[in-house]
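In: how would this look folded up:
(4 chains)
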Protein chains: 2
Amino acid sequence: MSLRHALLGLLVDRSASGYDLLKLFNTSLANVWPATQSQLYTELNKLAEAGLIAVAAEGPRGRKQYALTDEGLAELRHWLTETEPQHQGRSEVLLRVFFLGVVSHERAREYLADLSTLFAEESADLRELERSIDWEDGDLAVYGRIALEYGLRFNAMRQEWADWAIQQIK
Amino acid sequence: MSLRHALLGLLVDRSASGYDLLKLFNTSLANVWPATQSQLYTELNKLAEAGLIAVAAEGPRGRKQYALTDEGLAELRHWLTETEPQHQGRSEVLLRVFFLGVVSHERAREYLADLSTLFAEESADLRELERSIDWEDGDLAVYGRIALEYGLRFNAMRQEWADWAIQQIK
DNA sequence: CTCCTCATGTAATCCGTTACATGATTCC
DNA sequence: GGAATCATGTAACGGATTACATGAGGAG
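Out: Numbering: from 1, shown residues only, chains lettered A, B, ... in the order given. Purely as a prediction, here's the structure:
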C-alpha cells in the first residue's frame, strides 16, 4: 500500500496531473518505488474517491490536476510517524547466489564479475543523476540527497562485496 | 517467477516435503525471498504438474516427498545462466526518507535513529544466525556464507548511512 | 485421551505487470 | 494534414498475503 503514500508525498509540494506524476515518478522515485502508468491512474482514482486528493482544476484533453486534501496530508503524516515500515527485502540477485553451486566455479565467478560491472554502472548512473538534478534549497533537496547518498553507498558496497566473493570461490 | 526456482534450488541437495521446504525457507531464504505456506504448496503442485519435480515417496499424514527431476535441474541451470536477474529494488524505508520533509526535523532525526538501531539489531541477528548454522563443507557452505556476508555488509552500510544522514539534517 | 506437531490444501483479495484502447491538442 | 506529445483509462493475468479449513499421527 505504498504507492498510495508515494503519490500523496509527491503532491505535497505541488499539485499535478496523473501524467505529470508519472514523469515525476520516473525521474525521482523510480529507483525506490517503481510504478507503471496503469497502476498510477488506478490509484489516483482510488485516492480521489477516498477524499485524500481532489481535482483542483481541469485542463485540455481531459487533464485533471490533483491537489492534496487536508485528509491526504494527515494520512501521509500518519503513515510516516505511526506505522512501521515493512522491510522484507526480495533480491533475485542474492537468491541466485545461493544456488551458484549447480554451475561450475568458473561460471559462478563470471556471474559475480558481471554483477560487479553492473553495480559500477549503476553508481555511474547515480552520479550522473546527481549532476543533472537542479538541487534547489528546501526539504526535498536535503532528503533527496540523503536518498541518493544511500544509492551511492549501496552500490559501492555491493561492488566490493561481489569482488570479494569472487576471491572466495575455490 | 522466482519462488519456482528457489524451490528447485532447495531440492538439488536433498528431496523434501512441502513442510520441510517451508522450514528450510524460513531458516535460510527468508531474508532473500520470503514465501508463505500457502504460496509454497500451490507452487509445488504447479511444479509437479510441469514435471520439474516428482513425488519420490509418500509418508504418513499425506506427506509427499518431492525430488528434483532432470527437467527440473535443467530449468534451474537455464534460469541461472541464461536469464537476466530482475533487480528493481523496492524500499519502503527509502520511500519514507523522501517525504521526511512533512514532519519536523526532530521527528525526522528520530526516524533515522530508529533505523540505525534496527540495522544494528539485524546485524546482530545475522551474526547469531552465522554461529547457529552447521557449516558443512560443500557448495552450499561457500555460497551461503557469501550471501550472509552480503547481509552483514548491507546492514553495516545502512547503519553508517543512517548515522551520517542524521548529521545532514539542520 | 488429549495436546502438539506434522501436513496439506482452498478462497478472497490486493498489488503489480503487460497489453490494449482511445482520443485531444499542439507543432510543423 | 500528419506526427509527436499529452492525457486517461480498462482488461487479463500472475504473484503475494491473509485467513480459513481440515485432519492424521506421535508423545505423554
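In: Kindly report the residues of chain A close to DNA strand D.
Out: A:17-20, A:37-38, A:41-42, A:44-45, A:59-64, A:88, A:90 (C-beta under 7 Å from any atom of the strand). Where C-beta positions appear, they are placed from N, C-alpha and C, glycine not excepted.
In: ok, and of those, which contact chain B?
Out: Contacts with chain B within the residues of chain A next to DNA strand D, counted by C-beta under 8 Å from any C-beta of the partner chain: A:88, A:90.
In: Does residue A:86 lie in a helix or a strand, and which?
Out: Assigned by DSSP states H and E, residue A:86 belongs to no helix or strand.
In: tell me the phi and psi of the nearest residue to it once chain neighbours are set aside?
Out: Spatial nearest neighbour of residue A:86, excluding adjacent residues (C-beta to C-beta, 6 or more residues apart in numbering or on different chains): residue B:92 at 5.4 Å. The phi and psi values for residue B:92, taken as degrees, to the nearest 10, are phi -70, psi -40.
In: repeat for the one 3 residues further on
Out: With angles defined as degrees, to the nearest 10, residue B:95 shows backbone torsions of phi -60, psi -40.
In: Contact partners for the closest residue to residue A:159 other than its chain neighbours?
Out: Nearest non-adjacent residue to residue A:159, counting by C-beta to C-beta, 6+ apart: residue A:119, 4.1 Å away. Taking C-beta atoms under 8 Å, 6 or more residues apart in numbering or on different chains, we find residue A:119 in contact with A:155-156, A:158-159, A:162.
In: Tell me the buried residues within these.
Out: Buried subset of the contacts of residue A:119 (neighbour count, 16 or more other C-beta atoms under 10 Å in any protein chain shown): A:155, A:158-159, A:162.
In: Kindly report the residues of chain A close to DNA strand C.
Out: Taking C-beta under 7 Å from any atom of the strand as the measure of proximity, chain A contacts DNA strand C at A:1-3, A:34-39, A:60-62.
In: In the biggest helix by length in chain A, which residues are buried?
Out: In terms of residue count, the longest helix belonging to chain A (DSSP state H) is helix A:139-168. Neighbour counts over helix A:139-168 (16+ other C-beta under 10 Å) mark A:139-140, A:142-144, A:146-151, A:153-155, A:157-159, A:161-162, A:165-166 as buried.
In: when you compare where that helix runs with where helix B:139-168 runs, what's the angle?
Out: For helix A:139-168 against helix B:139-168, the angle by axes from the mean of the first three to the mean of the last three C-alpha atoms, to 10 degrees is 150 degrees.
In: Counting by contacts, list what helix A:139-168 packs against.
Out: When contacts are defined as 3 or more C-beta pairs under 8 Å, 6 or more residues apart in numbering or on different chains; DSSP states H and E, helix A:139-168 sits against helix A:105-132, helix B:92-98, helix B:139-168.
In: Show me the one of the ones you listed that comes nearest residue B:81.
Out: Residue B:81 lies closest, by C-beta to C-beta, to one member of the helices and strands packed on helix A:139-168: helix A:105-132, at 6.5 Å.
In: what separates the closest one from the chain centre, distance-wise?
Out: Centroid separation between helix A:105-132 and its chain, computed with C-alpha atoms, centre = their mean, to the nearest Å, is 18 Å.
In: Could you pull out the buried residues of it?
Out: Buried positions in helix A:105-132, judged by neighbour count with 16+ other C-beta under 10 Å: A:108-109, A:111-112, A:115-116, A:118-119, A:122-123, A:126.
In: And for stretch A:72-83?
Out: For stretch A:72-83, the neighbour count (16+ other C-beta under 10 Å) marks A:72-73, A:75-76, A:79-80 as buried.
In: Alpha carbons of that stretch, as PDB, please.
Out: Extracted C-alpha coordinates of stretch A:72-83, given in PDB (Å, rounded to 0.1, in the frame of the first residue of the first chain):
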ATOM      1  CA  GLY A  72      -4.500  13.400   2.500                       C
ATOM      2  CA  LEU A  73      -1.800  15.300   4.300                       C
ATOM      3  CA  ALA A  74      -3.000  13.800   7.600                       C
ATOM      4  CA  GLU A  75      -2.800  10.300   6.100                       C
ATOM      5  CA  LEU A  76       0.700  10.900   4.900                       C
ATOM      6  CA  ARG A  77       1.800  12.100   8.300                       C
ATOM      7  CA  HIS A  78       0.100   9.200   9.900                       C
ATOM      8  CA  TRP A  79       1.900   6.700   7.600                       C
ATOM      9  CA  LEU A  80       5.200   8.300   8.300                       C
ATOM     10  CA  THR A  81       5.100   8.600  12.000                       C
ATOM     11  CA  GLU A  82       2.700   5.900  13.200                       C
ATOM     12  CA  THR A  83       3.100   2.900  11.100                       C
END
